Structures are given as structure tokens and as C-alpha cells.
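Q: sequence-free structure coming up:
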């Protein structure tokens, strides 16, 4: 479900970027403050491209944290990360309590800090660039 909604948001923003007024407001919004560091990437790739790139980086971070940090005999934490949810409880778990804590911390960090926060910022800017607000 999560991946599908992320893909839909990238597609919607890609379609919105075809409107020159939307693109102009979008670039104006990203031109000021600390977010201006991303302006060259948004000008070159578009907001949808930056969103897709951020999702790819988040997916790689999640996969690496699951593969590198997980107990070799455990696929439970990695399966939670890739969305198996309820099925993950049936899979073997790490034996050491500290391994469970470390795996959970990296899973949470990779999902919240590397995926959710950037997507919230990027998708929020697309709402503002429409010029209509949330009630639109």
C-alpha cells in the first residue's frame, strides 16, 4: 500500500509539473532559505524526479539496514521493513535483545528520517505550488 501511494504521488506531481504556472510557483517556493540547496536538482530533475530519487535512497537505506544489521538467521526485521507486516511475526526473530533494539532503531530511522520526512517536505511543496491550498 505504501509503495503504491508513493508512486501515485510521484506520478501526480509529474503531471502537475507540465503546467508552467505550477512549475513557476514551485521553483519560486524552493528558491529561498535552506531549501534553496535543492533548487538545482529540482530545476534539472523536476520535483517528481527528486521525489523518485528520495524514494530510491530510502529504499536502499532500508534494504541495507535490514540486510547488513539483521541477524543472519533472522529475516523478521527486514520483512517488516519491506511491508510483509503480519507475515513478519511468523518469521524467525533475532535472538539477542540488543539486536532487536538495534534493528528496530535502524528500521524506524530509515522509514521516518530518510523516507517520510523528505516526502512530506516534497509533497507539501507541490500542494503549495498549486496555489489552491488543501481545501482547493
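A: Nice, thanks for sending it over. These numbers were taken from a predicted model, which means no experiment stands behind them. Numbering: from 1, shown residues only.
Q: from now on I want contacts and neighbour counts done on CA atoms only, so please keep to that.
A: Will do.
Q: what about residue 119, neighbour count?
A: Neighbourhood size, residue 119 [other Cα atoms under 10 Å]: 21.
Q: report pLDDT for it.
A: We note a pLDDT of 79 for residue 119 in this prediction.
Q: name the helix or strand for it, please.
A: Taking DSSP states H and E as the criterion, the element that holds residue 119 is helix 117-129.
Q: ok, residue 29 next?
A: helix 20-30.
Q: in that helix, what's buried?
A: 22-23, 25-27, 29-30 (16 or more other Cα atoms under 10 Å).
Q: and if you look at stretch 35-44?
A: Judged by neighbour count (16+ other Cα under 10 Å), stretch 35-44 contains these buried residues: 39, 42.
Q: how near is residue 124 to residue 10?
A: 12 Å (Cα to Cα, to the nearest Å).
Q: I meant to write residue 42 there.
A: Here residue 42 is placed at a distance of 13 Å from residue 10 (Cα to Cα).
Q: joint contacts of the two?
A: Where contact means Cα atoms under 8 Å, 6 or more residues apart in numbering, the residues bridging residue 42 and residue 10 through contact with each are residue 49.
Q: what's the first-to-last distance across stretch 14-27?
A: In terms of Cα to Cα, the two terminal residues of stretch 14-27 are separated by 14 Å.
Q: before we move on, back to that, so which of residue 124 and residue 10 has more stuff around it?
A: Under the criterion of other Cα under 10 Å, the comparison of residue 124 against residue 10 puts residue 10 first, with 22 against 12.
Q: the more buried one is in what secondary structure piece?
A: Under the assignment given by DSSP H and E, the secondary-structure element containing residue 10 is helix 2-16.
Q: go ahead and name everything in contact with that helix.
A: For helix 2-16, using Cα under 8 Å, 6+ apart, the contacting residues are 22-23, 46-49, 51-52, 123, 126.
Q: hmm, which two among those are most spread apart?
A: Among the contacts of helix 2-16, the pair separated by the greatest distance (Cα to Cα) is 22 and 52, at 18.8 Å.
Q: any weak-confidence spans in the chain?
A: Judged by pLDDT under 70, the chain has its weakly predicted residues at 1-3, 62-97, 99-100, 103, 110, 133-136.
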